[in-house]
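> here's a sequence, model it:
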Amino acid sequence: MPRSVRAVTPLENYKLLITFDNGEQRVYDVTPLLDLPIFQRLRDKQQFNKVYIDRVMDTVAWDENADICPDSLYDDSIPA
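Sure thing, here's the model as predicted:
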């Protein structure tokens, strides 16, 4: 079933606390993505902390079209 992100909070160590449409909260580690060109600038904590919810895609995003598939966020995260 497709997931939608309802809330996101940046945490320490490049992790995100994500609330999904079913009310479940999970923690996603962005660290494995930081070597990919589109995500490299997120190594700067100020940039990482600018995470927001893209309401068109219902997922987490940053400027310059950096986003993560909501299903991946759910499948690759752990319960909070």
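> what about stretch 63-77, how long is it end to end?
End-to-end distance of stretch 63-77: 22 Å, with C-alpha to C-alpha, to the nearest Å as the criterion.
> how would you label the residue sitting nearest the centre point of the chain: helix, strand or coil?
Residue closest to the mean C-alpha point of the chain, counted by C-alpha atoms, centre = their mean, is residue 60 at 4.5 Å. Classification of residue 60 using DSSP: H, G, I helix; E, B strand; the rest coil returns strand.
> residues contacting it?
5, 8, 16, 18, 28, 51, 52, 53, 54, 67, 68, 73 (C-beta atoms under 8 Å, 6 or more residues apart in numbering). To be clear about C-beta, it is placed using only N, CA and C from the backbone, and glycine gets the same treatment.
> who is it paired with across the strands?
Beta bridges link residue 60 to residue 53 when assigned by DSSP bridges.
> equivalent analysis for residue 27, please.
Following DSSP bridges, residue 27 is listed with bridge partners residue 17, residue 78.
> from residue 8, how far off is it?
To residue 8, residue 27 is 11 Å away according to C-beta to C-beta, to the nearest Å.
> residue 69 too?
In terms of C-beta to C-beta, residue 69 sits 14 Å off from residue 8.
> when these two are compared, which one has more neighbours?
Applying other C-beta atoms under 10 Å to residue 69 and residue 8 shows that residue 8 carries more neighbours, namely 18 against 14.
> leaving out chain neighbours, which residue sits closest to that one?
Nearest non-adjacent residue to residue 8, counting by C-beta to C-beta, 6 or more residues apart in numbering: residue 60, 4.9 Å away.
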